[in-house]
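Colleague: Here is the input, now give the coordinates:
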Amino acid sequence: MHRTRAVLASLRPRAPRRRAVLAMATGLAAAALLLTACTGSPAPAGTGSTGAPNPDATLTVGLVLEPSSLDIRHTSGAPLGQVLIDNVYEGLVTRTQDDKIIDRLAKSHEISADGLTYTFVLNDGIAFHDGTALTSADVVASLQTVKDDATVQGHADLAGVASISAPDEKTVVITLTQPSQNFLFSLTGTAGLVFRTGDTTDLQSAENGTGPFRLGTWNKGSSLTFTRDDAYWGTKAGVKTLVFDYIPDFTAGVNAALSGSLDVLTAVDANLAPQLDGKFAITKGRTTDKGTLAFNNAKAPLNDQRVREALRLAIDHKAIIEARGTGTTLFGPIPQLDPGYQDLSGTAPYDPDKAKALLKEAGQENLTLTLTIPSFYGTTVPQLLTSDFKKVGVTLKVNSVEFPAWLDTVYTKHDYDLSFVLHVEPRDFGNFANPQYYFGYDNPEVQKLYAQSQTELDAKKSAQLLSQAAEIVAKDAAADWLYEDQTLTAVRPGVNGFPKDSINSRLDLRAVTVTK
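Modeller: Numbers count the residues shown, from 1 in each chain. Down below sits the predicted model:
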């Protein structure tokens, strides 16, 4: 969904009920000289049930935004990565709920002292769902396709790759043109997924991955079903069947949970959560989800920093948190879980009087702007922004559109004044260093600092460079960050190990169990 992947390489849609969609794939990974890990993520905490797991159980999960296609190689969109990565498809490495990088298809990897050479050793016994053994040749072919074909998701993430080779059937060597803090993290996403060489599977409606689940049935507009692969090369999945029920309406999702048709409901509306008390455990999870009010920096009058700063100062961020019932304030482009985070609340204190003065100075005392927002976000944010802006003399018109229309008008054509979406992908600060991104923000100093952060081998120094760049972006009012979201998930008793953090970008369900 989101994008055409050139510029799109950093967006991915998603829509957890009140939050929704979008994500960007640019990330920075901490570069260690030697990093090895086990082949799977640690199991998340359970709901407290102590009964014996039922290996034949079905787990039904309520989600919001349904994919339009299952072709994760050619379709952008957070709903795809959320359910397909780690469950159906796998890469050399993956990431945990707190965005730490661990090995997956690889049993170990090393990074050379100069940060240019990555050597991966594959696990034993890996096979695709059609029974074909996976070798290093499949890895090389998969990554080479991403590197060479601009239509494949993740293409931009491998732009700095000089060569990909397989010295033997179990080893893959990747050489970069220059060190990259971003590279290893990029391999945890679509860029790093491994497919069988020469496979002719129609990926729009079928699959041939290596993950713990196989595709069962897809009832478009309703549900997606996975079944456990009992021949899986690693630790087998804890449930036999996964059913994802797509319920775009918050209230309908809660009603479905109360009816007994769901085991888990994700993206619970905080104002509706009390209805589930006593019947479900409500978990609150950390995310890198940024409720982003985008300014079209390339379009007058928003190309004037004074106007953008005035809009930021006019917003009562705490009131937005209170109205939503969840989340925390975020005054800069880097969330707390990402490298480079710092408290930038001083860049946008609630100050309507100063906002008015800046607008007067800029000659924009009777300004009218249009907010383009995907309709599934509801009316809370638009209403609060309309009220706040009215107090400083700005009239806000709200244009609520379907998500495909948002992608076409805002994301692709950059035809907008203000826009709101939830950017969920971790480590996506690089969007502010890309003048071609839909923000239209072009600051050479930010671009320089970001580039330096990517080639800096020391992770702490890299984070410091990112922090410097983020402060410039915040002071420049390149956008406003209305909140850092938190996920509320309703889990019925008997379900154990369901993830709670970062589930809008990744939902690895291999370790989940359901008691008898």
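Colleague: Could you say which helix or strand holds Ala357?
Modeller: Using DSSP states H and E, Ala357 falls within helix 352-361.
Colleague: Which residues belonging to that helix are considered buried?
Modeller: Pro352, Ala355, Lys356, Leu358, Leu359 (16 or more other Cβ atoms under 10 Å). Just so you know, the C-beta spots here come from the backbone N, C-alpha and C atoms, and that holds for glycine as well.
Colleague: Tabulate those residues in TSV, adding columns for distance to Ile373 and pLDDT.
Modeller: Output for those, formatted as TSV (distance: Cβ to Cβ, whole Å; pLDDT from 0 to 100):
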residue	distance to Ile373	pLDDT
Pro352	23	98
Ala355	21	98
Lys356	25	98
Leu358	24	98
Leu359	22	98
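Colleague: Between those, which sits nearest Gln336?
Modeller: Nearest to Gln336, judged by Cβ to Cβ, of the buried residues of helix 352-361 is Ala355 at 26.7 Å.
Colleague: tell me the contacts of the closest one?
Modeller: By Cβ atoms under 8 Å, 6 or more residues apart in numbering, Ala355 lies in contact with Glu309, Ala310, Leu311, Leu313, Ala314, Val392.
Colleague: Go again with 10 Å.
Modeller: Ala355 is in contact with 306-307, 309-315, 388-389, 391-394, counting by Cβ atoms under 10 Å, 6 or more residues apart in numbering.
Colleague: and which of those residues is nearest Ala52?
Modeller: Ile315 (51.6 Å).
Colleague: In which helix or strand does the nearest residue to that closest one once chain neighbours are set aside reside?
Modeller: Nearest non-adjacent residue to Ile315, counting by Cβ to Cβ, 6 or more residues apart in numbering: Asp388, 5.2 Å away. Following DSSP H and E, one finds Asp388 within helix 380-390.
Colleague: after that helix, next one along is what?
Modeller: Later in the chain than helix 380-390, the nearest helix or strand by DSSP H and E is strand 394-401.
Colleague: Show me what the following helix or strand past that following strand is packed against.
Modeller: Next along the chain after strand 394-401, taking DSSP H and E as the criterion, comes helix 403-406. Contact partners of helix 403-406 among helices and strands, from 3 or more Cβ pairs under 10 Å, 6 or more residues apart in numbering; DSSP states H and E: strand 367-374, strand 394-401, strand 418-423.
Colleague: Report all helices and strands that the second one contacts.
Modeller: The contact analysis (3+ Cβ pairs under 10 Å, 6+ apart) places strand 394-401 against helix 305-314, helix 352-361, strand 367-374, helix 380-390, helix 403-406, strand 418-423.
Colleague: mean pLDDT for these: which is lowest?
Modeller: Mean pLDDT is lowest for helix 403-406 among the helices and strands packed on strand 394-401, at a mean of 90.
Colleague: So Leu385 versus Ala281, what's the distance?
Modeller: Separation of Leu385 from Ala281 (Cβ to Cβ, to the nearest Å) stands at 34 Å.
Colleague: how long is stretch 60-67 end to end?
Modeller: 17 Å (Cα to Cα, to the nearest Å).
Colleague: Could you check how far it is from the centre of its chain?
Modeller: Relative to the centre of its chain, stretch 60-67 is centred 15 Å away, using Cα atoms, centre = their mean, to the nearest Å.
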